[in-house]
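**Student:** Got a predicted structure here, sequence first:
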Amino acid sequence: MNAIIVLVEPEAQGASEVSRETLTFARDLAARAGGAPVHAVVAGPAPDEAALLAHLGEQGVATVHRAVDDRLSAYAAAAWAAAVVDAAHSASAGIVLAAGTPRGNEILAHVATRLDVAMAANVVEVDGVDPLVVTRQVVGGSALEEMRLDDAVAVLSVAGHACDPVPVESPSHPEVTTYSPTLTDTDLVARVARTEEAAADESAALTSARVVVGAGRGAGSADGFKDLLELTDLLGGALGVSRVVTSLGWRPHHEQVGQTGSRIAPDVYIACGISGAIQHWAGCQSAKTILAINTDPDAPMVTKAHYAVIGDLHEIVPAVNEELRARLG
Amino acid sequence: MANVLVCIKRVPGASGQILLTEDEQAVDARHVGWTVSPHEECAVELAIQVAAATGGAATVLTVGSSDALEQLRDALAVGCAGAVLVEADTQHFGPVDVAESIADVVRAHEVAGTTYDLVVLGNDAADTGDFQVGVRLAYALERPVLTGISTCEIDGDTVVARGDGPDGLEVFEVPLPAVVAVMEGGVSPRYPSIPGRMKAKRAPVETLTDSRKPVGSGRVRLKLPPEQPSQVEILGAGADAAPAVVDLLVKLGVVAK
């Protein structure tokens, strides 16, 4: 049985949440494919190798392929892809997965091109394993495509929040194989030269916030965000906005939630004055609970929400702030 | 002087309800109209800026049906100097086919005397969301490729590009010629002027035909996510609903009472 190999993205405390989701997805796929072993491949710096290994054990990984090379100190998609291709060969992998993050999709595009096979981006479900047919998000998640992957190696990224990261009952003790990937100078040309601290930190706050206060055209103007920002503060959350808000220059782009902005999955999303066009829904549909505040009871955001308050956000949000201040003391 | 080729795709608008054609092979755009994605609007803007800054020209290209002339003319109206329509049966094209088709034009133009120092594309198409045409194109042309880029400029023989990474704004310095896939957010697309629109109407468009046997996309069919019946609970109307909102936030555990 051919192995399934997952590119894992490390972060400060182990493996990123979407990588762990992808490992769970891979485990389910492996079970359906007759019990294939799940391998992981890691390239580049990992801040905490022990925590990373613990996460991989929790996900039942059999073997970890750890690429080690000084030239992997700064991110280069082609070099990461070379490392994945080497690991896939030594694992005799029939399926290569990564999380559907910007990096995951970028590296897999390189991997698929190098292997001369198709790639399916943002898969949410496996429909069949022989032949492999997957369902993936298209049109920003508002439509789905069933896609057949019948090349010798199937390459696919798993959409964020397609499943929860579920640990195995008893953690595995993965065998760690370090290796030096075959890198050429060409693989290192498109490489991060330096990192400038900037808005990325703030959009990271948006994607990791437990509570997101959303604002759309209903905010009215660039000056219409005072109460919304206060609500955000009172809840210790982050502000997210719809595309129209950034297009009109009311708020910066890094606050945009949607198909061409951030995809969020907070516990609570409070969508104020947002109609809920497909572009926006693509970015907020993974919120666990959605509360819509809107003047239009028929707006898609209201009908798709779990809870709603009908009315003008400029009346409702200040009243909620006042109530919160009173209760918080 | 840097010549830039910017690749765009005619896609259904994303503001309305998505419907599928009867054969489930395409999005039915009859009621939503056609557009290009926000990523590509920014790619066009970047192409025009880079060309202008270096005294080169920006050329816009699409692979698709002749209806895509509308999107090519929009790009001409905002400042692209030339346009190429590669007519093809793109219904059966996959990312490999599109990349090969673009690469053929780049190579043919090079033979004819025009080298594109930079080829820019959107990061992913708004409809198929494949995330790979730019990368496949770069391999076909044996050029370096960057994806997720929000701004870029030419400095001598190098493209300096920036994009959001996990730890901040990442800066890349890559030798030309190169391929860059653009994400919305770094530049604001300009609006066409009236003279720009007039000029675009008359501008010649180079029309080619690609009759390759496509590798294909692997598409079995499209489907819509199951429609969830609305289960919204209305907490109230206007400011009077504030206590109910806070009660809910407490119940959801995001407000320490």
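**Tutor:** Yes, it's here. Residues are numbered from 1 along each chain as shown, chains lettered A, B, ... in the order given.
**Student:** hey, what's residue B:174 bridged with?
**Tutor:** residue B:159 (DSSP bridges).
**Student:** OK, contacts around it?
**Tutor:** Residues counted as contacts of residue B:174 (C-beta atoms under 8 Å, 6 or more residues apart in numbering or on different chains) are A:189-190, B:144, B:146, B:158-159, B:161. To be clear about C-beta, it is placed using only N, CA and C from the backbone, and glycine gets the same treatment.
**Student:** which one of those sits closest to residue A:125?
**Tutor:** Closest approach to residue A:125 among the contacts of residue B:174 (C-beta to C-beta): residue B:146, at 31.2 Å.
**Student:** Which parts of the stretch 51-200 of chain B are strands?
**Tutor:** Per DSSP state E, counting those that start in this stretch, the stretch 51-200 of chain B carries strands over the ranges B:58-64, B:82-87, B:118-122, B:145-149, B:151-155, B:158-165, B:168-175, B:178-182.
**Student:** mind putting those strands in a markdown table, mean pLDDT included?
**Tutor:** Output for those, formatted as a markdown table (pLDDT from 0 to 100):
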| stretch | mean pLDDT |
| --- | --- |
| strand B:58-64 | 98 |
| strand B:82-87 | 98 |
| strand B:118-122 | 98 |
| strand B:145-149 | 97 |
| strand B:151-155 | 96 |
| strand B:158-165 | 95 |
| strand B:168-175 | 95 |
| strand B:178-182 | 98 |
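**Student:** Rebuild those strands as JSON lines, extending it with distance to residue A:163.
**Tutor:** Compiled in JSON lines, these are given as follows (distance: least, C-beta to C-beta, whole Å):
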{"stretch": "strand B:58-64", "distance to residue A:163": "35"}
{"stretch": "strand B:82-87", "distance to residue A:163": "39"}
{"stretch": "strand B:118-122", "distance to residue A:163": "28"}
{"stretch": "strand B:145-149", "distance to residue A:163": "25"}
{"stretch": "strand B:151-155", "distance to residue A:163": "35"}
{"stretch": "strand B:158-165", "distance to residue A:163": "26"}
{"stretch": "strand B:168-175", "distance to residue A:163": "29"}
{"stretch": "strand B:178-182", "distance to residue A:163": "28"}
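**Student:** between those strands, which gets nearest to residue A:3?
**Tutor:** In terms of C-beta to C-beta, the element of the strands of the stretch 51-200 of chain B nearest to residue A:3 is strand B:145-149, at 27.6 Å.
**Student:** what does the closest one rub up against?
**Tutor:** Looking at strand B:145-149 with C-beta under 8 Å, 6+ apart, the contacting residues turn out to be A:77, A:102, A:105-106, A:109, A:190, B:123, B:131, B:134-135, B:137-139, B:159, B:161-165, B:172, B:174, B:178-183, B:186.
**Student:** redo that, cut-off 6 Å
**Tutor:** Strand B:145-149 is contacted by residues A:102, A:106, A:190, B:123, B:134-135, B:138, B:161, B:163, B:172, B:179-183 when judged by C-beta atoms under 6 Å, 6 or more residues apart in numbering or on different chains.
**Student:** For residue A:225, state which of the contacts of residue B:174 is nearest.
**Tutor:** Proximity of these to residue A:225 (C-beta to C-beta) peaks at residue B:161, which lies at 31.2 Å.
**Student:** Not counting sequence-adjacent ones, nearest residue to the closest one?
**Tutor:** Of all residues beyond its chain neighbours, the one nearest residue B:161 is residue B:152 (3.8 Å), with distances taken as C-beta to C-beta, 6 or more residues apart in numbering or on different chains.
**Student:** Which helix or strand contains residue A:259?
**Tutor:** Under DSSP states H and E, no helix or strand contains residue A:259.
**Student:** Please name the spatially closest residue to it (chain neighbours excluded).
**Tutor:** Excluding the flanking residues, the one nearest residue A:259 by C-beta to C-beta, 6+ apart is residue A:140, at 3.4 Å.
**Student:** can you map out the helices along chain A?
**Tutor:** In chain A, the helices defined using DSSP state H lie at A:17-32, A:49-58, A:77-90, A:102-115, A:200-208, A:226-234, A:243-247, A:278-284, A:300-304, A:313-328.
**Student:** could the ones you listed be laid out in JSON lines, adding mean pLDDT?
**Tutor:** Listed next are those as JSON lines, based on pLDDT from 0 to 100:
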{"stretch": "helix A:17-32", "mean pLDDT": "96"}
{"stretch": "helix A:49-58", "mean pLDDT": "97"}
{"stretch": "helix A:77-90", "mean pLDDT": "98"}
{"stretch": "helix A:102-115", "mean pLDDT": "98"}
{"stretch": "helix A:200-208", "mean pLDDT": "72"}
{"stretch": "helix A:226-234", "mean pLDDT": "96"}
{"stretch": "helix A:243-247", "mean pLDDT": "91"}
{"stretch": "helix A:278-284", "mean pLDDT": "87"}
{"stretch": "helix A:300-304", "mean pLDDT": "93"}
{"stretch": "helix A:313-328", "mean pLDDT": "94"}
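**Student:** what residues are up against residue 42?
**Tutor:** Here I'm looking at chain A. Applying C-beta under 6 Å, 6+ apart, we find residue A:42 in contact with A:8, A:66.
**Student:** ah, no, chain B please
**Tutor:** Residues in contact with residue B:42 (C-beta under 6 Å, 6+ apart) are B:182, B:184, B:187.
**Student:** In a helix, it, correct?
**Tutor:** Yes - assigned with DSSP: H, G, I helix; E, B strand; the rest coil, residue B:42 falls within a helix.
**Student:** Okay, it and residue A:104: tell me how far apart.
**Tutor:** For residue B:42, the distance to residue A:104 equals 22 Å [C-beta to C-beta, to the nearest Å].
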